[in-house]
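Participant: With the sequence up front, the predicted model follows.
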Amino acid sequence: MQDYTKQVKEFVDEHRVALTVVLASGVSVFALRKWLAGGVCRSKVRLDGKTVLITGANSGIGKETAVDIARRGARVIMACRDMDRANKAAEEIRKRSGNGNIVVRRLDLASLQSVRALAKEIKDNEDRLDILINNAGVMMCPKWQTEDGFEMQFGVNHLGHFLLTNLLLDLLKKSAPSRIVNVSSVAHETGKIHFDDINLDKNYNSYTSYLQSKLANVLFNHELAVRLKGTGVTTYALHPGVIRTELGRHVFSSLWKRVLFKPFMFMIKTPWEGAQTSIYCAVDESLKNSSGLYYSDCAPKQAAPQGRDDAAARRLWDLSASMVGLA
């Protein structure tokens, strides 16, 4: 035993510098990962008797948001496109949350008919809607079109949620105080609304399209707050972080991209970490008198200047209303 102890001591003495570097690096990586994980929603508020609708709740941060909301006692409506996956996710959410009041409804945001059908079903069958979380989305997909001929990312990420929200506003007002949470992205900071080519038919680029759709989320949230002032319905936009979910399947579609980025995957948020700001905006008591603002890591953050442009927000609202048949 003494010989072994002596050998260890000699090894440490001989490799002191190297061991110090390794230890420091390990601590630094741990600290970096903890920092990248972002904020955590600390609110313990209960939602018993409340009804919450979450789009895209069958996977990723939508599912983690649904688990948290269900644990707080709410009735959770999962609005999803793939009913088989949604029903499997609903069963998992019931087990994890201990809340059996989880229902699945079909919603294809790429179809205005589907959006209208869901809104009608909710209004016909639900007495209240306390929180609407516009979470579903697509990211950097090819040049696809929605059922109604809109560019897919703008159509799903913005127009589908724009129509759904407007169709449910009366129920949200009836249930006030109520909240609307719009999941956007830091990507809005370099986005631009191409008013003269909203479907990017002249020069489609999947990244440019994604930036436009995320800026549209922030501008929609901004104008929505103006229009809902005094109604008791408050609105919030947020950046959830870079997260390990299916949303990035088109970004990492090639083998070389997956290999190149694999070493960095440990730094990317888990779905639970990514859901925290959505949950924060949906339930935190400190936000009850705030509306139209933008959040990141469970804290307010100033949106980019183009996301605070009053004229652009009104123009986008009018254009969107015309495109979905509300004008």
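Facilitator: Yep, that arrived. Residues are numbered from 1 along each chain as shown.

Participant: Would you map the strands across the stretch 51-200 of the chain?
Facilitator: Here the stretch 51-200 of the chain has its strands, by DSSP state E, counting those that start in this stretch, at 51-55, 75-80, 102-106, 131-134, 178-183.

Participant: could you dump these to a markdown table with mean pLDDT, distance to residue 292 and mean neighbour count?
Facilitator: From N, CA and C alone the C-beta is placed, and that goes for glycine too. A markdown table is the format used below for these (pLDDT from 0 to 100; distance: least, C-beta to C-beta, whole Å; neighbours: other C-beta atoms under 10 Å):
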| stretch | mean pLDDT | distance to residue 292 | mean neighbour count |
| --- | --- | --- | --- |
| strand 51-55 | 99 | 20 | 26 |
| strand 75-80 | 98 | 23 | 27 |
| strand 102-106 | 98 | 28 | 18 |
| strand 131-134 | 99 | 15 | 28 |
| strand 178-183 | 98 | 10 | 26 |
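
Participant: who's in contact with the spatially closest residue to residue 53 that is not a sequence neighbour?
Facilitator: Spatially, and ignoring its direct neighbours in sequence, residue 53 is nearest to residue 77 (4.3 Å; C-beta to C-beta, 6 or more residues apart in numbering). Applying C-beta atoms under 8 Å, 6 or more residues apart in numbering to residue 77 gives the contacts 51-54, 103-105, 122, 126.

Participant: would residue 201 count as being in a helix?
Facilitator: No. According to DSSP: H, G, I helix; E, B strand; the rest coil, residue 201 belongs to no helix; its state is coil.

Participant: Contact partners for residue 136?
Facilitator: Neighbouring residues of residue 136 by C-beta under 8 Å, 6+ apart: 55-56, 62, 79-81, 107, 109, 156, 160-161.

Participant: Return the set of buried residues in stretch 210-228.
Facilitator: Neighbour-count burial for stretch 210-228 flags 210-225, 228 (criterion: 16 or more other C-beta atoms under 10 Å).

Participant: tell me the domain boundaries of this protein?
Facilitator: The chain breaks down into these domains under automatic domain parsing: 1-37, 43-324.

Participant: returning to what we had before: how about CSV for the strands of the stretch 51-200 of the chain, with distance to residue 44 added?
Facilitator: Listed next are the strands of the stretch 51-200 of the chain as CSV, based on distance: least, C-beta to C-beta, whole Å:
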stretch, distance to residue 44
strand 51-55, 17
strand 75-80, 18
strand 102-106, 21
strand 131-134, 16
strand 178-183, 17
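
Participant: List just the one of those that sits closest to residue 140.
Facilitator: Comparing those by their distance to residue 140 (C-beta to C-beta), the top pick is strand 178-183, with 15.9 Å.

Participant: Each with direction, which strands does that closest one pair with?
Facilitator: For strand 178-183, the paired strands and their directions (DSSP bridges) read strand 131-134 (parallel), strand 233-239 (parallel).

Participant: Arrange the ones you listed in TSV, one row each, with distance to residue 205 as further columns.
Facilitator: Formatted as TSV, the strands paired with strand 178-183 follow (distance: least, C-beta to C-beta, whole Å):
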stretch	distance to residue 205
strand 131-134	24
strand 233-239	21
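
Participant: For the stretch 1-150 of the chain, give me the ranges with low pLDDT.
Facilitator: Within the stretch 1-150 of the chain, the ranges that satisfy pLDDT under 70 run 1-19, 21-37.

Participant: Could you pull out the helices in it for me?
Facilitator: Taking DSSP state H, counting those that start in this stretch, the helices of the stretch 1-150 of the chain run over residues 2-14, 16-37, 60-71, 83-97, 112-125.

Participant: Skipping its backbone neighbours, what lies nearest residue 137 in space?
Facilitator: residue 157 (4.6 Å).

Participant: Let me know the distance separating the one you found from residue 140.
Facilitator: Separation of residue 157 from residue 140 (C-beta to C-beta, to the nearest Å): 11 Å.
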